[in-house]
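*Asks:* Take this sequence and fold it.
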Amino acid sequence: MNNLIGLNIGIERNESDQKLNDNSDEIEREIAEQEPNSFLTDNKEYDSSDVNNDSELCVKIDHCSRADERELNTSRSFIGSKGEIELYRCDLVYTSSRKKVPITPVESCELQPIVIIKDKTGKLWDDDDENPDNPVLNGTASIHYRWSRGPSRAVCTFHPSQVASIQCSITLRCFCGVNCYKKGFTQLRRFYEVRGMNPISPHPNSHTYGVPCRPFQFNDPDNSLRDRDDAHISLLLKTGLVHKSDEDEEWSIVGDQRNYLPVADDVGHQLRLEVFLTPKSKSEQSLDIKEAMEKVKNSVDIYSCITTACCVPNLPQAPPRCILTVPTTQINGSGIHHGGFINSTRFKVFSWNVLAEIYASQEVFPHCDAYMLSWSYRKTRIIVEILSHQPDIVCLQEVQTEHFDDFFKPVLQQYGYEGVYKQKTTEIFTSGSGRRKDGKFTMDGCATFYKTNKFIAKENYSLEFSALIKEATHRTLPAEVKNNPAAIKRLLKDNVAVVILLEYHQNGNNIAVNDQSHPVNMQMSSGDSIHNQTIKIPSHSNIMVQNSNSKVSSNPLQVIIANTHIVANPEANDVKIWQAQTLVSVLEEYLRDCYRRQPVLPGLIICGDFNSTPDSALYRLLATGTCEKSHKDLAMDRYGLLSDLPLGHSMRLRSAYSMAKAIVEGHNPNLISTSTESLEPVFTNYTPNYLGCLDYVFYTDERLRLGGVLELLDEEALIREAAALQLPDWSLPNPQRPSDHLPLLTEFEWIV
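*Replies:* As a prediction, this is how the structure comes out:
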């Protein structure tokens, strides 16, 4: 360890601090017994009458902040009389108090505090609640905010939100502990062995190279934190690791609004939010407000302070991927072409599991820092990724209900999209990350958006698999299975699908199809399903018909978009097959219904997260229209749920990505329907515990021609990206890729 020097960063938790935490209830009682104008900082008591000016106040707040760096959200009460309004909670994210860790600010990602106050009756209110009884709104109390920026910190190479404690004196790389140093040693060793001739890739955060501070002084730790080291600054500038020297600074005020948007100057610094609550029921009301606005806590009754982790830079979007054009290939004898673009009726379909906030936890994704999983960080990257491809149709899975209402719908409407949404049929209770005083019931679901300048929504409806399957089991299951409550309950999962019928009207003009040359599948017009029974769309599928007032042609170009998310449990292959069979049966009947209404069959696209690999029975069923009873997934049917289930469909479904690869490699599209497994992507989902292809786009090739697909990443590309960002793991999600799934994009045109 001769090449390491200790950095004077961070404060160790001592025994007295632990005692403070373990006896929090006792301390709160002690606070309540104190004089009205006193407050605690660390384990010392100060009288607010000693505060004469802002500078003295800053010193005392700074002492308080060192406890905050340990406790992160310490709320102080200054009780003037019983029944006063109190600051009940102040956080930057909803978390359990047992799991509270400092949040990581990200440049350009707005911080929105969660502030809850308790009125005289004990009722809780959000500080921004629009109810007229809200004490802040009705004038009973005022809330004042102060944001401050702390001194520059050295941060860890692998965890840029964490303050560093070890630095390599040769490469200047910093680490938050020995474990991180060991992770980085392989790269550092290569640098040592070639005596610096092979440079180390630059880190996007310059604070991983250290900050100007002198060696740690054990007898004077506070001054050591802020003492300037000009020699260190000079070294950093000469090596080109940083381009400007940081000024020696105390905590400086950077904002007094409720929300704060971190800027580039905040990177490598901790931020602090202080909240003052000023009740207006006391005789010195005007004095309280004046002093609070001047940042003096003289007679302010409530005060709370939160200190964040170090701010990290906002990285650029992930490297762009191009659309791989599919060459034109003619089907022998039919005159119909697979691949390429023949006319101008093209459109792009985008499908992506965006990772719902309720599933984005560090327990599931231990390779991620907390900020990488926060919705406030990921949502902007998700929307930028979607819009960067300029899709005409967007199918999203794992969209939380409030995120559809508050984010996806209003944002995408600004870019010319309209959308429909279906939530799963069960809900969970969660505190979430919203600004609500209480937790909420929520769940994820499927959302489908379309460009209004290219499509008109004619009809849309939602499928609840639990209701459809419950209805179907009465007809298909043997009596002994029907009488088994455990077996029936196993089938009734909460997964859903969204189905929408879109009519193409490029630039407001409807384009007719030549129905004389269209290869209609006559079996589908017979009215008989593959099970010799017609699957009707039931009332609980929530059909909503939208009639367009625009003039339409007799045979317009239409496409059915089905967006679904199949159950994820790897031990529930029988449920997956039931859901998939239910979906294709309903869609098959819907296609017949559309054909009865007009003599041109609509195109069909089925996309989503199917939670099934290319060798699964579900994939086999969708891609080929049948599935052998000998398939391994059907053999594992311990409840007998599949024994009497008619499997199959008569739609000519193709997998877009396997078809694209087959055509590019020169295969005959007519001969690949039974051997597409090996042509699918290696993975669309990549986590520390799993790697595989789970997401697909299926389409009917009688009506639609595949023109291109978005290139997918291979493992080497993920490794290169992780190395460039100095990440110890290349799994998804990561700071540039906000979901554990990769998005799919396909480009089609109608066969006319």
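
*Asks:* Show me the strands in the stretch 651-752 of the chain, by range?
*Replies:* Applying DSSP state E, counting those that start in this stretch to the stretch 651-752 of the chain gives strands spanning 653-655, 685-687, 690-692, 695-700, 704-710, 744-750.

*Asks:* Quick check: which of those is nearest to residue 610?
*Replies:* Each of the strands of the stretch 651-752 of the chain has some distance to residue 610 by Cβ to Cβ; the shortest is strand 695-700, at 5.9 Å. Backbone N, C-alpha and C define where each C-beta goes, glycine included.

*Asks:* tell me what the closest one is packed against?
*Replies:* Packing partners of strand 695-700 (3 or more Cβ pairs under 8 Å, 6 or more residues apart in numbering; DSSP states H and E): strand 346-353, strand 603-609, helix 617-624, strand 653-655, helix 656-664, strand 744-750.

*Asks:* So which of these is the most surrounded?
*Replies:* Each of these was scored by mean neighbour count; the highest is strand 603-609, a mean of 26, by mean count of other Cβ atoms under 10 Å.

*Asks:* ok and the longest helix anywhere in the chain relative to strand 603-609, angle-wise?
*Replies:* Assignment by DSSP state H gives helix 573-597 as the longest helix of the chain. Note on geometry: by axes from the mean of the first three to the mean of the last three Cα atoms, to 10 degrees, helix 573-597 and strand 603-609 are set 160 degrees apart in direction.

*Asks:* Just put the strands of the stretch 651-752 of the chain in a markdown table and tack on mean pLDDT and distance to residue 499.
*Replies:* Listed next are the strands of the stretch 651-752 of the chain as a markdown table, based on pLDDT from 0 to 100; distance: least, Cβ to Cβ, whole Å:
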| stretch | mean pLDDT | distance to residue 499 |
| --- | --- | --- |
| strand 653-655 | 95 | 15 |
| strand 685-687 | 98 | 24 |
| strand 690-692 | 96 | 27 |
| strand 695-700 | 98 | 14 |
| strand 704-710 | 95 | 16 |
| strand 744-750 | 96 | 17 |
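
*Asks:* Which of the helices and strands packed on strand 695-700 sits closest to residue 725?
*Replies:* The closest of these to residue 725 is strand 346-353. By Cβ to Cβ, the value is 21.4 Å.

*Asks:* For that closest one, which strands pair with it and how are they oriented?
*Replies:* When pairing is defined by DSSP bridges, strand 346-353 lines up against strand 393-400 (parallel), strand 744-750 (antiparallel).

*Asks:* okay if I get those as TSV plus distance to residue 144?
*Replies:* Formatted as TSV, the strands paired with strand 346-353 follow (distance: least, Cβ to Cβ, whole Å):
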stretch	distance to residue 144
strand 393-400	32
strand 744-750	48
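
*Asks:* What residue spans form the domains of the protein?
*Replies:* Following automatic domain parsing, the chain resolves into domains at 34-153+250-310, 323-750.

*Asks:* In terms of mean pLDDT, which of the ones you listed ranks lowest?
*Replies:* Out of the domains of the chain, domain 34-153+250-310 stands lowest, with a mean of 68 (criterion: mean pLDDT).

*Asks:* quick one, which of the domains of the chain is nearest to residue 188?
*Replies:* domain 323-750 (11.9 Å).

*Asks:* With distance to residue 135 added, can I get the helices and strands packed on strand 695-700 in CSV?
*Replies:* Supplementary listing: the helices and strands packed on strand 695-700 in CSV, determined by distance: least, Cβ to Cβ, whole Å:
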stretch, distance to residue 135
strand 346-353, 42
strand 603-609, 45
helix 617-624, 55
strand 653-655, 59
helix 656-664, 57
strand 744-750, 50
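
*Asks:* Quick one: closest of the ones you listed to residue 582.
*Replies:* The nearest among the helices and strands packed on strand 695-700, by Cβ to Cβ, is helix 617-624 at 11.3 Å.

*Asks:* Quick one: closest of the domains of the chain to residue 182.
*Replies:* domain 323-750 (10.4 Å).

*Asks:* how long is that closest one end to end?
*Replies:* One end of domain 323-750 sits 19 Å from the other (Cα to Cα, to the nearest Å).

*Asks:* follow-up on the earlier one: taking helix 617-624 as reference, get the angle to the longest helix of the chain.
*Replies:* Using the same axes, to 10 degrees, one finds that helix 573-597 and helix 617-624 are set 20 degrees apart in direction.

*Asks:* got the angle for helix 573-597 vs strand 695-700?
*Replies:* Going by the same axes, to 10 degrees, helix 573-597 makes 30 degrees with strand 695-700.

*Asks:* Which elements pack onto helix 573-597?
*Replies:* strand 455-464, helix 465-476, helix 485-491, strand 496-504, strand 558-565, strand 603-609, helix 617-624, helix 632-635.

*Asks:* Alpha carbons of the longest one, as CSV, please.
*Replies:* Output of helix 465-476 as CSV, limited to C-alpha atoms (Å, rounded to 0.1, in the frame of the first residue of the first chain):
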residue,chain,number,x,y,z
PHE,A,465,-55.9,-12.4,-18.8
SER,A,466,-57.3,-13.4,-15.4
ALA,A,467,-60.9,-12.7,-16.4
LEU,A,468,-60.5,-14.3,-19.9
ILE,A,469,-58.8,-17.4,-18.6
LYS,A,470,-61.3,-17.8,-15.8
GLU,A,471,-64.1,-17.8,-18.4
ALA,A,472,-62.1,-20.2,-20.7
THR,A,473,-61.3,-22.8,-17.9
HIS,A,474,-65.0,-23.7,-17.6
ARG,A,475,-64.9,-25.0,-21.2
THR,A,476,-61.5,-26.6,-21.4
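
*Asks:* List the contacts of it.
*Replies:* Helix 465-476 is contacted by residues 425, 481-482, 488, 491-497, 533, 538, 540-541, 578-579, 582-583, 586, 644-646 when judged by Cβ atoms under 8 Å, 6 or more residues apart in numbering.

*Asks:* Same question for the shortest one.
*Replies:* The contact list for helix 632-635 (Cβ under 8 Å, 6+ apart) reads 573-574, 576-577, 616-618, 627-628, 642.

*Asks:* one more time with 10 Å
*Replies:* Contact partners of helix 632-635, identified using Cβ atoms under 10 Å, 6 or more residues apart in numbering, comprise 573-574, 576-577, 612, 615-621, 627-629, 642-643, 645, 647.
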